[in-house]
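**Student:** Dropping a prediction and its sequence here:
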Amino acid sequence: MDVMIIRLQSREGTRRVTVSSRDTCRNFWLKVAEEFGLNVNHNNWSICRSRNSVELIPATRDSLSSMGLRHGDMVFIALPEQHAMETSTSPTNGDLPSQPIVKEDEVDVLLSKESGTIERQRDAQFCHHGPQGKCVHCLPIDPFDENYLKSRDPPIKYLSFHAYLRKLQSGVDKGKYAFLESVASTGKMRTNKSEDTWQHLPSTITLKRQEYRHVDNIMFEDPGLVDRFIDYWRHGGKQRLGFLYGRYEPHRDVPLGIKAVVAAIYEPPQDTSATSIELLEDEHAEEVTEIASYLGLCKIGWIFTDLEPLPGQQGKVKYKRHGDTYFLTAEECIMAADFQLQHMNACRHAASGTFGSKFVTVVVTGNADEQISFDGYQVTNQAMTLVQEDYLVPTIDAPELGYIRESTVGRYIPDVIYKEKEAYRVARPLPVEYLIIDIPAAFPQDPHPMFLGGIGKPFPVENRADVGHLQSFDQFAHYLSSQPKDHFVSTMADFHLILYLKTSGAVDVIRPHVKELCEAISQRNDVVIYQWKEGDAWKTVECLAEQYTLTGRGPPSRAELKRLPSWPCHRCTYVNRGTETVCQVCESPKQ
């Protein structure tokens, strides 16, 4: 019995059914109806050999081979309008399949409303029309025009994601049959009567150079941000990992481009050495996310160091990562893909509601001049699929090579191939350079950071006890006493200090008021920050810090706070706990 795969093209995208060449057209209709959830007895849908709804395939007892259908042929399904409305995935007006309920990032909504075309000035040599006219030499060009991208200095290597969407939507059909989808999932063994058979097997995956990237530039708000991060390596000689918090903005140097703006680096608990980093459980992860949301920030990437000083050459580091070695190791690619899978990009053009990721990777390492540099990367959407399906593993002795798992008795894994020197090779092993997209990382010429970090010595960074950097009330009191009284805004505009106020039990009185401070800092509203300073909660913290500076005695411990007597509110008579400074009912201050 000859098995055939017939492709089904509809407004919902492309699907496939497996049939026999001896199957009747009636059986084929039944399988199509099951695939799309249709009633085979209704006459509100049809199967056609062409897109213009001619050459209908009838639901007769004629064989498929007699109708001229062969393996790999595509037929077109004309679905009823009601079915398109119910599935909410059918394209309208020639757009890609859309998901109206998907909430995209603000930057995506903004760029989707822009035309993206690149205006050109009138050419004095070739344009022979008036100032209001247009010709082929001065008409606006598309944001995906290859000649324009190559002519930029430096040349733009990748399309922006929104330029890629415009490219899909271009042409005569306006992208009617183009859609975004991921590679098929792993095949699993299914039981069919008395025989074990493979069903829904994914086809061979051919790795391709991704022509677009979801983020086109990484911008650190202030050089001091990363300098403070590298201080850990300078003090202890050990590597370090941090999470980047910031926001996404349009990047005007690339047509319809997106820029990841880094405002803060959070360093989670980790066990590090000169050659390794191991992340530990973070009991404050939810509080960090909460603080970031108060500040209008989100987790946009991760950063890690790979630095090795050159012996006898102060200030110089080894040039380790280049074209002859690797840019990212296979293990780092897998970790980057895992992070990207945790932070998927909301996209209304994808049937699943998500496609790719804007989560970036930054490596701090040595460059060709033996100076510290910052290199940005993402891994491709194909790499994300390989990691999601657990196909890709690192090799033991070659960091630049990965390896695709082999099929087992209970699990089918498709072959993954890549092209090298006009020949296709099976990805065992796989050079991970096929999975990497590089992104420029830079600093602004005129920085205006959200977090100013105080004057002089900054507040200690969290989770650095192994190099003698402790976040304690002692350090907090000394930090406040070292700051000028008239620089309160810069004193408090420190991400690590705000985290300490939120997570430390030594200053519980201020924790309910951290949100107000964060919102004022994010809005850069100095007036509100000084009003916050005059509140009872901060006055209490200042008194405790001054007391510690004078006497060496810090705030009462949690056990001492529990022993404080309760007090009745003078306004509503509610009896509050001794630890409260305002009434929990009417919010009147304690007297």
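**Tutor:** Yep, that arrived. Numbers count the residues shown, from 1 in each chain.

**Student:** How about the contacts made by His129?
**Tutor:** Residues in contact with His129, defined by C-beta atoms under 8 Å, 6 or more residues apart in numbering, are Cys135. Where you see a C-beta, it was placed from the backbone N, CA and C, and this is true even at glycine.

**Student:** State the number of residues packed around Thr540.
**Tutor:** Look at Thr540: counted by other C-beta atoms under 10 Å, it has 16 neighbours.

**Student:** List the single closest residue to it in space, sequence neighbours excluded.
**Tutor:** Val509 (5.2 Å; C-beta to C-beta, 6 or more residues apart in numbering).

**Student:** I'd like the distance between the one you found and Cys127.
**Tutor:** Going from Val509 to Cys127 by C-beta to C-beta, to the nearest Å gives 71 Å.

**Student:** out of the two, which sits in the more crowded spot?
**Tutor:** Using other C-beta under 10 Å as the criterion, Val509 and Cys127 rank with Val509 on top: 21 against 17.

**Student:** Am I right that that one sits in a helix?
**Tutor:** Yes: Val509: assigned to a helix according to DSSP: H, G, I helix; E, B strand; the rest coil.

**Student:** what separates it from Val489, distance-wise?
**Tutor:** 21 Å.

**Student:** what does Arg70 give?
**Tutor:** 73 Å.

**Student:** Of those two, which one has the most company?
**Tutor:** Set Arg70 next to Val489 and count neighbours by other C-beta under 10 Å: Val489 wins out with 16 against 11.

**Student:** sec struct for that one, please.
**Tutor:** helix.

**Student:** Nearest the geometric middle of the protein, what residue?
**Tutor:** Phe359 (2.6 Å; C-alpha atoms, centre = their mean).

**Student:** Which residues are in contact with the closest residue to that one other than its chain neighbours?
**Tutor:** Spatial nearest neighbour of Phe359, chain neighbours left out: His343 (4.2 Å); criterion: C-beta to C-beta, 6+ apart. His343 makes contact with 299, 357-359 under the criterion C-beta under 8 Å, 6+ apart.

**Student:** Swap in 10 Å and give it another go.
**Tutor:** His343 is in contact with 298-301, 354, 357-360, counting by C-beta atoms under 10 Å, 6 or more residues apart in numbering.

**Student:** Selecting buried members of those residues in PyMOL, what would you type?
**Tutor:** A single PyMOL command is used to select the members of the contacts of His343 judged buried by 16 or more other C-beta atoms under 10 Å:
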select buried, resi 298+299+300+301+354+357+358+359+360
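
**Student:** May I see the contacts of His343 arranged in JSON lines, with distance to Met219 as well?
**Tutor:** Compiled in JSON lines, the contacts of His343 are given as follows (distance: C-beta to C-beta, whole Å):
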{"residue": "Cys298", "distance to Met219": "15"}
{"residue": "Lys299", "distance to Met219": "16"}
{"residue": "Ile300", "distance to Met219": "11"}
{"residue": "Gly301", "distance to Met219": "12"}
{"residue": "Thr354", "distance to Met219": "25"}
{"residue": "Ser357", "distance to Met219": "18"}
{"residue": "Lys358", "distance to Met219": "14"}
{"residue": "Phe359", "distance to Met219": "16"}
{"residue": "Val360", "distance to Met219": "11"}
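
**Student:** Quick check: which of the contacts of His343 has the minimum pLDDT.
**Tutor:** On pLDDT alone, Thr354 ranks lowest of the contacts of His343, at 88.

**Student:** where exactly do the strands run in the stretch 351-500 of the chain?
**Tutor:** Assigned by DSSP state E, counting those that start in this stretch, the stretch 351-500 of the chain shows strands spanning 354-357, 360-366, 372-379, 392-394, 401-404, 411-412, 416-420, 423-426, 430-431, 436-439, 441-442.

**Student:** who wins for proximity to Lys238 among the ones you listed?
**Tutor:** Among the strands of the stretch 351-500 of the chain, strand 360-366 comes nearest to Lys238, with 13.0 Å by C-beta to C-beta.

**Student:** That closest one: partners in the sheet, and parallel or antiparallel?
**Tutor:** Sheet pairing for strand 360-366, assigned by DSSP bridges, gives strand 298-305 (parallel), strand 372-379 (antiparallel).

**Student:** could you dump those strands to TSV with distance to Ser482?
**Tutor:** What follows is the strands paired with strand 360-366, written out as TSV (distance: least, C-beta to C-beta, whole Å):
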stretch	distance to Ser482
strand 298-305	28
strand 372-379	28
